[in-house]
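>>> After the sequence you'll find the predicted model.
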Amino acid sequence: MPPTLKPVEPSSHDASAKGNNNLAADKTSTHSQQQVPKNWPEDTTYLTDHTYSAAVTADQRTALTRTGTADATWTQIPPTSIQAPTPLLEILTITDKNHPAAGQRGLFATQHLPPDSFTCLYLGHVHTNTMSDQDPHSDYDLNLDHDLGLSVDAARAGNESRCTNDYRGIAERPNAEFRDCYVQVPCTKRAAGTKWERRVAVFVLSAGKAGKRKAGVKAGEEVLVSYGKGYWEGRKAVASLRRDEEMLRIAQLALDS
Ligand SMILES: C[S@@+](CC[C@H](N)C(=O)[O-])C[C@H]1O[C@@H](n2cnc3c(N)ncnc32)[C@H](O)[C@@H]1O
């Protein structure tokens, strides 16, 4: 099952301050000299790789790595395919009033993206799934590894991928998905000087057995994934608790479409 965005937590308001403090206290690397994509939100740090919460253990990080072999069946993304900012995508503010995320940002293809192709990594702050280590209000929190209890949150820091909208109410079906892959990272303990470490990335969906999606994503088209029904059900529950009419309306619209 591909990784999906996690719904906001309905019962964790009290934990938010603690979670936020922990995030702020973590050692994160900012990239002040890094060129940021056009339309990048000013209040968000642009990342070229994950940052890690201090609560993530060395064993958890080791469990995310693999030794590279020529016949590996897992998806390896070579360093040459990873550019920041990526020329394949652009962030646009949505001006179409009929778009359910009007006024927000979306991610659009700048050129034709073939089926199954890698577009960009989903970068953010890797944290454990313990209450004190997460931001329960985040709309950008993605499961990295359920068994290891790790997620990646792009609410405060991330890259272009954080602007990927859900297809509901926008298109008939998604044209992309969050998919696991591996990237090379430096490693002094290995003879090769590198190891492969798991990431989640936005991939164009495969063409499908009948070739229905063989067109991939056309230049100018919005890149749309499925967050999973659970994401919208979670938002609906939170909206009801908060009596947030607008949040409830959008969640219901997404569930009805
Ligand atoms: C990961 S963010 C996506 C990027 C966001 N549009 C932005 O400008 O940063 C998730 C949020 O985008 C909005 N969103 C994404 N897909 C949507 C959809 N199909 N309908 C309505 N809102 C959507 C919701 O507010 C959701 O909580």
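Nice, thanks for sending it over.
>>> So which residues on the stretch 101-250 of the chain come close to the ligand?
101, 104-105, 139-140, 162-163, 165-166, 168-170, 250 (Cβ under 6 Å from any ligand atom). Where you see a C-beta, it was placed from the backbone N, CA and C, and this is true even at glycine.
>>> Could you find the closest non-adjacent residue to L248?
By the measure of Cβ to Cβ, 6 or more residues apart in numbering, the closest residue to L248 outside its immediate chain neighbours is A239, 3.7 Å from it.
>>> Can you pull the phi/psi pair for the residue at minimal distance from the centre of the chain?
Taking Cα atoms, centre = their mean, the centroid of the chain lies closest to Y122, which sits 4.0 Å from it. Dihedral angles phi and psi of Y122 (degrees, to the nearest 10) take the values phi -90, psi 100.
>>> That one is in contact with V202, isn't it?
Yes - look at Y122 against V202 with Cβ atoms under 8 Å: they come within range, at 6.5 Å.
>>> what do the two both touch?
S161, F178 (Cβ atoms under 8 Å, 6 or more residues apart in numbering).
>>> Read off the pLDDT value for the residue nearest to the centre of the chain.
According to the prediction, Y122 has pLDDT 98.
>>> how far away is it from E222?
Distance, Y122 to E222, by Cβ to Cβ, to the nearest Å: 17 Å.
>>> Same check on Q35?
Relative to E222, Q35 is positioned 23 Å away (criterion: Cβ to Cβ).
>>> Can you show me the helices along the stretch 51-200 of the chain?
For the stretch 51-200 of the chain, helices defined by DSSP state H, counting those that start in this stretch occupy the ranges 58-63.
>>> hey, where'd the strands end up in it?
51-52, 65-66, 76-77, 89-93, 105-109, 118-121, 125-128, 141-145, 150-153, 157-158, 165-166, 176-186, 194-204 (DSSP state E, counting those that start in this stretch).
>>> Now mean neighbour count too, for the ones you listed, in JSON lines please.
As requested, these are arranged in JSON lines below (neighbours: other Cβ atoms under 10 Å):
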{"stretch": "strand 51-52", "mean neighbour count": "20"}
{"stretch": "strand 65-66", "mean neighbour count": "14"}
{"stretch": "strand 76-77", "mean neighbour count": "16"}
{"stretch": "strand 89-93", "mean neighbour count": "17"}
{"stretch": "strand 105-109", "mean neighbour count": "20"}
{"stretch": "strand 118-121", "mean neighbour count": "22"}
{"stretch": "strand 125-128", "mean neighbour count": "24"}
{"stretch": "strand 141-145", "mean neighbour count": "22"}
{"stretch": "strand 150-153", "mean neighbour count": "25"}
{"stretch": "strand 157-158", "mean neighbour count": "24"}
{"stretch": "strand 165-166", "mean neighbour count": "22"}
{"stretch": "strand 176-186", "mean neighbour count": "18"}
{"stretch": "strand 194-204", "mean neighbour count": "21"}
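>>> Does A207 touch R213 like I think?
Yes - between A207 and R213 there is a contact at 5.2 Å, judged by Cβ under 8 Å.
>>> Look up the residues that both of the two are in contact with.
Taking Cβ under 8 Å, 6+ apart as the contact rule, the neighbours common to A207 and R213 are P115.
>>> so who does R235 touch?
The neighbourhood of R235, defined by Cβ under 8 Å, 6+ apart, consists of P7, V8, M247, I250, A251.
>>> How about N39?
E90, I91, L92, T93, R105.
>>> Next, work out how far apart the second one and Y46 are.
Taking Cβ to Cβ as the measure, I91 falls 11 Å from Y46.
>>> out of Q35 and E222, which sits in the busier spot?
More neighbours surround E222 than the other of Q35 and E222, with 21 against 9 (other Cβ atoms under 10 Å).
>>> Beta-bridge partners for that one, please?
Beta-bridge partners recorded for E222 (DSSP bridges): F108.
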